[in-house]
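>>> what shape does this take:
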Amino acid sequence: MEHSDIEIFNDSLARCLRGEQFFQRFYELFLASSPEVREKFQQTDFRKQRRMLQSSFYMLVEYVALGWPECQAYLERIAAAHGKHGRDIPPHLYDLWLDCLLRAVRERDELYSKEVEGAWRFMMGAGITFLKLRYERPLVNQAPG
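Below you'll find the model as predicted:
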């Protein structure tokens with residue numbers, strides 16, 4: 001089941017990325033979803049943020065599929081940056097983030113189905129759980145890179 005979820009997710013992501021409006025639409029939905037979200041992201045460079053989010057999706061796939069240490073290290077850096085001692089993105093916002101992401105997928109993926117939604121929930125759930133579990137961790141000195 002895990003392998004087919006990864007394939008379904010990858011195929012859906014490829015469909016969503018056609019036309020280059022997927023991440024823009026997602027962030028429109030996310031920012032409109034809550035004053036707290038707008039406050040947390042008011043200083044965000046969204047062009048850079050969209051590229052980082054796309055990279056994170058691919059790293060998450062590799063982490064879930066292969067468990068590569070490089071991918072876990074990347075996710076650890078993301079968790080530290082978004083945790084309480086970084087940008088302070090509280091865990092409850094990840095649920096809202098996922099709802100908005102799934103709305104964007106539903107709008108952009110012409111083959112959207114319960115199976116596609118399940119694959120997105122599976123993949124994003126792995127990353128969201130990773131981030132939520134690390135929210136309280138203090139920042140530690142990390143080597144550059």
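
>>> what's the next secondary structure element after the helix or strand of the chain with the lowest mean pLDDT?
The helix or strand of the chain with the lowest confidence, counting by mean pLDDT, DSSP states H and E, is helix 46-66 at a mean of 85. Downstream of helix 46-66, the next assigned helix or strand under DSSP states H and E is helix 69-82.

>>> can you tell me how far the residue nearest to residue 24 when sequence neighbours are not counted is from residue 118?
Spatial nearest neighbour of residue 24, excluding adjacent residues (CB to CB, 6 or more residues apart in numbering): residue 50 at 7.0 Å. C-beta here means a position set from N, CA and C on the backbone, and glycine is covered the same way. Distance, residue 50 to residue 118, by CB to CB, to the nearest Å: 25 Å.

>>> now do residue 134
For residue 134, the distance to residue 118 - CB to CB - is 25 Å.

>>> C-alpha coordinates for the helix or strand harbouring residue 115, PDB please?
Residue 115 belongs to helix 114-133 when assigned by DSSP H and E. What follows is helix 114-133, C-alpha atoms only, in PDB (Å, rounded to 0.1, in the frame of the first residue of the first chain):
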ATOM      1  CA  LYS A 114     -10.600   9.600  -2.600                       C
ATOM      2  CA  GLU A 115      -7.600   7.400  -3.500                       C
ATOM      3  CA  VAL A 116      -5.600  10.500  -4.600                       C
ATOM      4  CA  GLU A 117      -6.600  12.300  -1.400                       C
ATOM      5  CA  GLY A 118      -5.600   9.300   0.700                       C
ATOM      6  CA  ALA A 119      -2.200   9.300  -1.000                       C
ATOM      7  CA  TRP A 120      -1.700  13.000  -0.200                       C
ATOM      8  CA  ARG A 121      -2.800  12.500   3.400                       C
ATOM      9  CA  PHE A 122      -0.400   9.600   3.700                       C
ATOM     10  CA  MET A 123       2.500  11.500   2.400                       C
ATOM     11  CA  MET A 124       1.800  14.800   4.000                       C
ATOM     12  CA  GLY A 125       0.900  13.100   7.300                       C
ATOM     13  CA  ALA A 126       4.400  11.700   7.500                       C
ATOM     14  CA  GLY A 127       5.900  15.100   7.200                       C
ATOM     15  CA  ILE A 128       3.300  16.800   9.500                       C
ATOM     16  CA  THR A 129       3.800  14.300  12.200                       C
ATOM     17  CA  PHE A 130       7.600  14.700  11.900                       C
ATOM     18  CA  LEU A 131       7.200  18.500  12.300                       C
ATOM     19  CA  LYS A 132       4.700  18.400  15.100                       C
ATOM     20  CA  LEU A 133       6.800  16.000  17.100                       C
END
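
>>> I am finished for the moment; much appreciated.
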